[in-house]
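[1] Need a 3D model of the sequence below.
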Amino acid sequence: MFLESIKHELERLYEIRVPLALEDFLFTDRSAVSRLAAAPPADAQEALFLVEDLDGDGCAVGLFVDEAVVRRLDDDDPRDALHDGNLADFCIAVEGVSHFVYVAWRAHHDRPVTQLELEMQAEVDKFAASTMLLGRQRAGDVPADLSARLFKEVRFLDGLAPERRERYERANDYAGRFCEGLERRYTKVGEGAGMTRELRRFYRLDQRRKIQHIETAH
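    Predicted coordinates for the structure are as follows:
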């Protein structure tokens, strides 16, 4: 399953393990999502749901990725070739899987996570996953404008509540600055090992230290 392969890629990249089968938590039919919470907006193509148990001892988790996105990725598998035609769907899938993996990993280590931190890490993961896949497919020749395409050419859903839109904009800005730095220092000079080390360190920081790292180093 393609989404499961993204999970494994993130686990390998960050040297973590999330002992959960993604398919056990995945919803692709919007009507099925109602068992966890209200359905996502009509134009939302991925969403992570966390619903607290009635006894307060835990929460139910569900990952929604629209079935049309899953179908297109099956028909035009980015593992064969990541290109302009499937990049957007690939990023949607990575974002959803990133949310799932990050929440599960932080919960396993009994560490909290904020919504801004979750969105920021997902944006970073889109860049990291795209860079790794393109690097393998193109013998290390990653497009020089990849970060600009991912972070500058962005459109947010219409009708977002102001605080939610602001959170997405901040996550995009912070992640964009971080990834532009990675691109400048590592991908443009073919230093993949250095980028991997920095990504792993960043992954383990909390929100405050992530932002501090970006603002002081980038």
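
[2] What residue spans form the domains of this protein?
    Domain segmentation of the chain under automatic domain parsing yields 1-81, 114-218.

[3] Select, out of these, the one closest to A107.
    Among the domains of the chain, domain 1-81 comes nearest to A107, with 8.6 Å by C-beta to C-beta. For every residue, glycine as well, the C-beta is placed using N, CA and C.

[4] got the end-to-end distance for the closest one?
    Taking C-alpha to C-alpha, to the nearest Å, the first and last residues of domain 1-81 lie 16 Å apart.

[5] how close does L63 sit to L118?
    If you measure L63 against L118 using C-beta to C-beta, to the nearest Å, the figure is 13 Å.

[6] I meant to write A139 there.
    In terms of C-beta to C-beta, A139 sits 34 Å off from L118.

[7] Please say which of these two ends up with more neighbours.
    Using other C-beta atoms under 10 Å as the criterion, A139 and L118 rank with L118 on top: 19 against 6.

[8] show me the contacts for the spatially closest residue to Y168 that is not a sequence neighbour.
    Nearest non-adjacent residue to Y168, counting by C-beta to C-beta, 6 or more residues apart in numbering: F156, 5.6 Å away. Residues counted as contacts of F156 (C-beta atoms under 8 Å, 6 or more residues apart in numbering) are 165, 168-169.

[9] what comes into contact with stretch 106-114?
    Residues contacting stretch 106-114 (C-beta under 8 Å, 6+ apart): 18, 102-103, 206-207.

[10] Show me where the protein has its strands.
    Here the chain has its strands, by DSSP state E, at 26-27, 46-52, 59-65.

[11] rewinding a little: can I get the contacts of F156 in JSON lines including neighbour count?
    Putting the contacts of F156 into JSON lines (neighbours: other C-beta atoms under 10 Å) gives the following:
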{"residue": "R165", "neighbour count": "14"}
{"residue": "Y168", "neighbour count": "18"}
{"residue": "E169", "neighbour count": "14"}
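
[12] on that earlier part again, need the residues touching each of L63 and L118.
    Common neighbours of L63 and L118, using C-beta under 8 Å, 6+ apart, are 48, 99.
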